[in-house]
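In: Just the structure for this:
(one chain, ligands or ions: 1)
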Amino acid sequence: MCGIIGVIGERNATPVLMEGLKRLEYRGYDSAGIALAWRDELVVVRALGKLVNLERALTVEPRIGFVGIGHTRWATHGAPTERNAHPHCSANVAVVHNGIIENHPELKAELLSEGVEFTSETDTEVIPHLIERELRREGDPEVAVRRVLQRLEGAFALGILLRGHDEVLYAARRGSPLLIGLGEGENFIASDATPLVPYTRRMVYLNDNDFAILTRDGVRLTDFQGSPVVREVKYSQVSADLTDKWPYRHYMQKEIFEQPTAIGETLKQLIRPMERVVALEALTSVISLGEVSAVSIIACGTSWHAGLVARYWIEQLARIPTSVEIASEYRYREPPLAPGGITVVISQSGETADTLAALRYAKGHGQKVVAIVNVAESSIARAADVVLLTQAGPEIGVASTKAFTTQLVVLAVLALGLGRARGEITEAVEKEHVEQLVRLPGRIERVLARDREIQEIAAKFLHARGFLFLGRGSSFPIALEGALKLKEISYIHAEGYAAGEMKHGPIALIDEELPVVVVAPRDRLFDKVLSNLEEARARGGRLVVVTNTEVVADWPLVDDCISVGECEEFTAPMLTVVPLQLLAYHIAVLKGTDVDQPRNLAKSVTVE
Ligand code: AGP
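Out: Modelled structure (predicted):
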């Protein structure tokens, strides 16, 4: 979950590195640093905490160079301190790294036994010292670097600079994303395309075990043994406009309010609007939907919640057995997979290591894999058999919002497609459901118009010691999502629970201090949920109900009611989650936490 950038060219590298790190800061922000090679100098500047601290250091003492590497860190090995910040160096080598070197203990012991002195607690620091040693033995820098790459185990994306070699920048990839940007008289490396599009849209996505030798005039690729490698040059479509959150205060707020547009854009590619039917040609050209015997959905975090909602739709509309798995569990459980089944992986970033590993397991066991991602050029997109893109646009806030609701829309269309292909639903039912999806942007606008009301509710619960979120059926995953949103940006403990489970334990938590947020749209389980409301109220719980009916609004039991207005059971999840996003956002703002970059988190979890 770190961000890497590098450049070699004719312009001063420092501003390129710093602007690039700003665009990568969402990947981790415990510390940051750059290294520049110029003639016989190898200059390294690092700072603890946010990028602004590194900017301050470089303002005090400006640095110039024409080849450089930069890094913004999410700590894996070693506390977030200045001495653990990247780049890590030996006397003549500087390295930036995203990933985990699994065999670093053995490598470090070997180097310590030869008298090497370490200055950090990181796994990364073994790399410059190993290269330094090979340079002394070998002399040829390219051979020396490749020899070290052959010894590393684990996941790594690397940028490497050598003192006295300011005409070359080395890069390597195994298990963590890294790409090359091809410019005119300049070339780049980066963890993703966003920092490079201001300079070039010609990208080369490195595969595992690729080694890149960049000069101002060109890029050469080999494997770790030195055999030439050829990779396709792709034209990146990533939006260059990432830095503008105006008129919103935070990216998260902007992205919550972008959901109507994002859902509209996502739907455009998935339905035929005039006929009100789904359009899944990208899928049906690879998978015969009518023959799908089982669906395994695999994801992490918020994306996993989207999968949990989809299970209700696929089982109800297509009558297909559907499992929903947490990727980090699935990949080590190594489950048997039903022949004729498909695997659906969901990932906003398309780079989540556990989800990518799960995808590879499923493919390795003969499954066709469908990826629902928000980044077309991501590792997961490139590894899948079929890609269904969410058109949410870049999501910068660490807390996922518009990606979640657009994932739900894609999954809803997939469920309808499966149901039609198997003859479980008629075209009339399909049209009816597509019509409900088409109405979503306007309906969400209506919910967003209640922002002020939700802000006032947030102020009531600012000092709560914890929250309970409850829901039944497809509202249960929405309760889980509401709890995750709140805890990850406000740092208040929150737990999502199936409302029917209350009496099996969590009801013991309820007292006058505990806010209980209940997701209760008028659906087939509404009356059951009302009983749960009474159980909670009878024990003094402070009830906040999110519903789509007014019947609860004037009910004395309820402290606060947020109605999302008219909606059917099918689209209730996309609507009832919006007040929960806003509730979490406003509580976090009132608490003064860093809404877009919450502590300990990163936007893309590219390590396991
Ligand atoms: C959601 O708000 C979190 N940021 C996190 O749970 C996230 O959903 C999870 O890390 C999965 O990320 P992905 O969708 O990019 O794979």
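In: got a list of what the closest residue to the ligand within the stretch 201-350 of the chain touches?
Out: Closest contact between the stretch 201-350 of the chain and the ligand, by CB to the nearest ligand atom, is at Gly301 (1.9 Å). C-beta coordinates here come from the backbone N, C-alpha and C atoms, glycine included. The contact partners of Gly301, by CB atoms under 8 Å, 6 or more residues apart in numbering, come to Ser400, Leu484.
In: give the contact list for the residue in the chain sticking out farthest from the centre.
Out: Relative to the C-alpha centroid of the chain, counting by CA atoms, centre = their mean, Arg137 is the outermost residue, at 41.9 Å. With contact taken as CB under 8 Å, 6+ apart, Arg137 is in contact with Ala144.
In: Same question for the stretch of helix or strand it belongs to: list its buried residues.
Out: With elements taken from DSSP states H and E, the one containing Arg137 is helix 126-138. For helix 126-138, the neighbour count (16 or more other CB atoms under 10 Å) marks Val126, Ile127, Pro128, His129, Leu130, Ile131, Glu132, Arg133, Glu134, Leu135 as buried.
In: so after it, what's the next helix or strand?
Out: helix 141-149.
In: relative to helix 126-138, how tilted is that next one?
Out: Angle between the axes of helix 141-149 and helix 126-138 is 130 degrees (criterion: axes from the mean of the first three to the mean of the last three CA atoms, to 10 degrees).
In: Check the average confidence over helix 141-149, would you?
Out: Here helix 141-149 scores 96 as its mean pLDDT.
In: other SSEs contacting the next helix or strand after it?
Out: Going down the chain from helix 141-149, the next helix or strand is strand 154-162, by DSSP H and E. Here strand 154-162 touches strand 3-8, strand 31-38, strand 67-73, strand 93-101, helix 126-138, helix 141-149, strand 169-174, going by 3 or more CB pairs under 8 Å, 6 or more residues apart in numbering; DSSP states H and E.
In: mean confidence for strand 154-162?
Out: On average, the pLDDT along strand 154-162 is 95.
In: need the residues of the stretch 451-600 of the chain near the ligand, please.
Out: Residues of the stretch 451-600 of the chain lying near the ligand by CB under 6 Å from any ligand atom: Glu488.
In: that older thread, from the buried residues of helix 126-138, which is closest to the ligand?
Out: The closest of these to the ligand turns out to be Ile127 (CB to the nearest ligand atom; 26.5 Å).
In: How about the contacts made by that closest one?
Out: Contacts of Ile127 (CB under 8 Å, 6+ apart): His88, Val93, Val95, His97, Ile101, Val148, Leu152, Leu158, Ile160.
In: now, among these, which is nearest to Arg331?
Out: For the contacts of Ile127, the residue nearest Arg331 by CB to CB is Ile101; the value is 19.9 Å.
In: wait, doesn't the closest one sit right on Leu107?
Out: Yes. With contacts counted by CB atoms under 8 Å, Ile101 reaches Leu107, the gap being 7.2 Å.
In: which residues do those two both contact?
Out: Val126, Leu152.
In: ok, these two, which is more surrounded?
Out: Between Ile101 and Leu107, Ile101 has the larger neighbour count (other CB atoms under 10 Å), namely 23 against 20.
In: Next one: the more buried one from the ligand, what distance?
Out: Using CB to the nearest ligand atom, to the nearest Å, one obtains 22 Å as the distance from Ile101 to the ligand.
In: In contact with that residue, which residues are there?
Out: Counting by CB under 8 Å, 6+ apart, Ile101 makes contact with Leu107, Asp123, Thr124, Val126, Ile127, Leu152, Glu153, Gly154, Phe156.
In: Distance check, it against Ala157.
Out: As judged by CB to CB, to the nearest Å, Ile101 and Ala157 stand 12 Å apart.
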